[in-house]
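Participant: Just need the structure, nothing else, for what follows:
(2 chains)
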Amino acid sequence: MTVAAQQIITPKPELAVKPEREMISIEDLSLIFPSKDGDVHALSNINLSIKSGDFVSFIGPSGCGKTTLLRVIADLEKATSGNLKVNGTDAQDARLNRLYGYVFQAPALLPWRNIQQNCALPMEILGLSPAQQNKQIDKYLKMVGLQDFHKKFPWQLSGGMQQRASIARALCLTPDLLLMDEPFGALDEITRDHMNIELLRIWSETQKTVVFVTHSIDEAVLLSTHIVVMSPRPGRIIKVIESPLPRLKNLALRDAPAFHALASEIRTALAHEHAID
Amino acid sequence: MKQKLFSLVSLLVIVIAIWYLAALLMNGNQLINNLERKNQQWTYSQVIAGAYDVKRPMLPAPHQVGQELIKSIIDKPVTSKRSLIYHAQITLNSTLLGFVFGSLLGILIAVGIVHNKTLESSLMPWVIASQTIPILAIAPMIVVVLGAVNITGVIPKAIISMYLSFFPATIAMVKGLRSSDKLHEELMHTYSATAKDIFWKLRWYSAQPYLFASLKVAIAAALVGAIVAELPTGAQGGLGARLLSGSYYGQTEQIWSALIVAATLGSILVWLVGIAEKVLLRRRGGLDHA
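Facilitator: Numbers count the residues shown, from 1 in each chain, chains lettered A, B, ... in the order given. Next up, the predicted model:
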């Protein structure tokens, strides 16, 4: 049995406040996609440190490399140069140890599996027993509010419910790190608000580190402890803002002056760099 | 449903009408030639009356074929060598055997091709070349060569069926196994899934709709292969043998009834594959999702 499998069987002690350690450290990281019309500098000299328990959002216009950076952390893309440590190891080892759960922009549920079987997929690959799988599935489907949908197939669920199922699937492996690539980008605003609050609740319950890609300023402010503002051509970080807002926020907070101040700070940073042209 | 039945029946009526007309023209000509050779007088009414009642018609009329079908299906016991059911069952045996092994072979070749670049470049040209050889040319050779090493009966025929039916399975499965969603592949990558897991949990399922489309072609091809294999070998039984003996003795009714049984058998086989496909897709969640 793998290390990750053992981690699930022996539950980790749930500390109220985990000792802060560096979950992700990125130094001088660059990624160049070679192409016929010249090289594309997708990421240029990225330096970033993410502490465990943080909720970090990458925000910026399309083409700024925010998704690419997340994919590099997930070992879905290889950096051209620079250093990247995820939980003290390189990105490939972190992936091989199933350190993170990845939530894609689309739910990416397998259409021939029902919701329960979809959530079981990563645990089947890990080699957990059916009993262990079911325990996890029941727990996390309940957490995302899909406790009565075990036997439903993806097409029988709305887009928001499908995305919640994909979040439950990512949580089932109890990863320390949750990587989310615009998970609510395709949802309507009402559903998105609801999902944001749910995600905040799940984050505070599970004490995970979350890295979240978004192009919505409101969403970034509502969710994050840290906001990484990025700019395109070449893809780079222009500012990292630490949120002065409390960790656990609610929708009412959106009317508070501090919320507007933070949103405006992000907007200024984006405009200042002529990020939108 | 009613609409479907109506179009089916009207098409059938049109086909039968054309058939009767063609039978009149072809057999009528034959009749006229015979009469003229004997320097006899003839009238059109005489020809029309006689055209559907010729002893060995060039083209038997549908009712003549129908009578032959009744005679050789219902009136004869199934064990009789003159029963078409007996012959159909012989052909069916080699068809099914060839289809099962051909499909398995096709799937195996496709799995090899998808997982190994060398196999793709070395095997694929042969797979395609194999289908450009006329089956009528190669079938007797296979039967004769196998006969020389004392392999006779169902096996040589099944091999020819297999030869025809592996091809659609290979082509469809190569495409199907490569058709999995890029996003799902990345998902498996984030789980550090092994090649085995990726195959059995993702690729195999993505390929299934392609597989079933190809199995419908493969089973029809297997039937053709079995019949062709029975033609040149002097086989004692089977629909192909029935076709051959019919043409030896000018028994056109026998040829046409064997053809109709072969077509019916083919339709039933394709329909059965379709049923299997529906059952599987329902188990997979009821959506025909490629």
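Participant: What ranges does the stretch 151-277 of chain A have for its strands?
Facilitator: Applying DSSP state E, counting those that start in this stretch to the stretch 151-277 of chain A gives strands spanning A:177-181, A:209-214, A:226-231, A:236-242.
Participant: model confidence over the longest one, on average?
Facilitator: The pLDDT scores in strand A:236-242 average 92.
Participant: And chain A, what are its domain boundaries?
Facilitator: Per automatic domain parsing, the domain ranges recorded for chain A read A:21-98+A:177-185+A:207-277, A:100-174.
Participant: Kindly report which one of these carries the lowest mean pLDDT.
Facilitator: Taking mean pLDDT as the measure, domain A:21-98+A:177-185+A:207-277 is lowest among the domains of chain A, coming in at a mean of 90.
Participant: Any part of that domain near chain B?
Facilitator: Yes - against chain B, domain A:21-98+A:177-185+A:207-277 shows contacts by Cβ under 8 Å from any Cβ of the partner chain at A:74-76, A:95-96, A:98. Any C-beta I mention is one placed from the backbone N, CA and C, and that applies to glycine too.
Participant: Work out the gap between that domain and the centre of the chain.
Facilitator: On the basis of Cα atoms, centre = their mean, to the nearest Å, domain A:21-98+A:177-185+A:207-277 sits 10 Å off its chain's mean C-alpha point.
Participant: Check stretch B:22-35 too.
Facilitator: Centre-to-centre, stretch B:22-35 and its host chain are 32 Å apart (Cα atoms, centre = their mean).
Participant: can you pull out the strands in the stretch 1-150 of chain A?
Facilitator: Along the stretch 1-150 of chain A, counting by DSSP E, counting those that start in this stretch, strands occupy A:22-33, A:40-51, A:55-59, A:81-86, A:100-103.
Participant: Select the longest helix from the chain.
Facilitator: Just so you know, I chose chain A. When every helix of chain A is counted residue by residue (DSSP state H), the longest turns out to be helix A:189-206.
Participant: please go with chain B instead
Facilitator: In terms of residue count, the longest helix belonging to chain B (DSSP H) is helix B:2-37.
Participant: List the buried residues of that helix.
Facilitator: Neighbour counts over helix B:2-37 (16 or more other Cβ atoms under 10 Å in any protein chain shown) mark B:19-20, B:23-24, B:26-28, B:30-32 as buried.
Participant: ok, the residues you listed vs chain A, which is closest?
Facilitator: B:Trp19 (45.8 Å; Cβ to the nearest Cβ).
Participant: shouldn't the closest one be in contact with B:Ala61?
Facilitator: Yes - between B:Trp19 and B:Ala61 there is a contact under Cβ atoms under 8 Å: 7.1 Å.
Participant: Surely B:Thr132 is within a strand?
Facilitator: No - assessed with DSSP: H, G, I helix; E, B strand; the rest coil, B:Thr132 is coil; it does not lie in a strand.
Participant: For it, grab phi and psi.
Facilitator: Phi and psi for B:Thr132, reported as degrees, to the nearest 10, are phi -90, psi -10.
Participant: Tell me how far A:Ala271 lies from B:Tyr210.
Facilitator: Look at A:Ala271 and B:Tyr210: by Cβ to Cβ, to the nearest Å, they are 50 Å apart.
Participant: Just want to know which of these two has more residues nearby.
Facilitator: Legend: neighbour count by other Cβ atoms under 10 Å in any protein chain shown for A:Ala271 and B:Tyr210, higher for B:Tyr210 (21 against 10).
Participant: which element is that one on?
Facilitator: helix B:204-230 (DSSP states H and E).
Participant: Same check on B:Val261?
Facilitator: Element membership for B:Val261, per DSSP H and E: helix B:252-283.
Participant: Also B:Phe101?
Facilitator: Per DSSP H and E, B:Phe101 falls inside helix B:84-115.
Participant: Start and end of stretch A:167-176, how far apart?
Facilitator: Taking Cα to Cα, to the nearest Å, stretch A:167-176 runs 14 Å from one end to the other.
Participant: what residues does that stretch touch?
Facilitator: Here stretch A:167-176 makes contact (Cβ atoms under 8 Å, 6 or more residues apart in numbering or on different chains) with A:4, A:7-8, A:12, A:23, A:52, A:87, A:98-103, A:109, A:118-123, A:126, A:133, A:136-137, A:140-141, A:143-144, A:146, A:178, A:183, A:199, A:202, A:206, A:208-209.
Participant: A:Pro183 and A:Arg164 touch, don't they?
Facilitator: No - using Cβ under 8 Å, A:Pro183 and A:Arg164 do not qualify as a contacting pair, with a distance of 9.5 Å.
Participant: what's the overlap in contacts for the two?
Facilitator: Common contacts of A:Pro183 and A:Arg164, defined by Cβ under 8 Å, 6+ apart, comprise A:Met195.
Participant: quick one: which of those two has more around it?
Facilitator: Neighbour count, other Cβ under 10 Å: between A:Pro183 and A:Arg164, A:Arg164 has more, with 28 against 25.
Participant: Would you pull up how far the longest helix of chain A lies from the middle of the chain?
Facilitator: Centroid separation for helix A:189-206 versus its chain: 13 Å, with Cα atoms, centre = their mean.
Participant: Flag every buried residue along it.
Facilitator: A:191-196, A:198-200, A:202-203, A:206.
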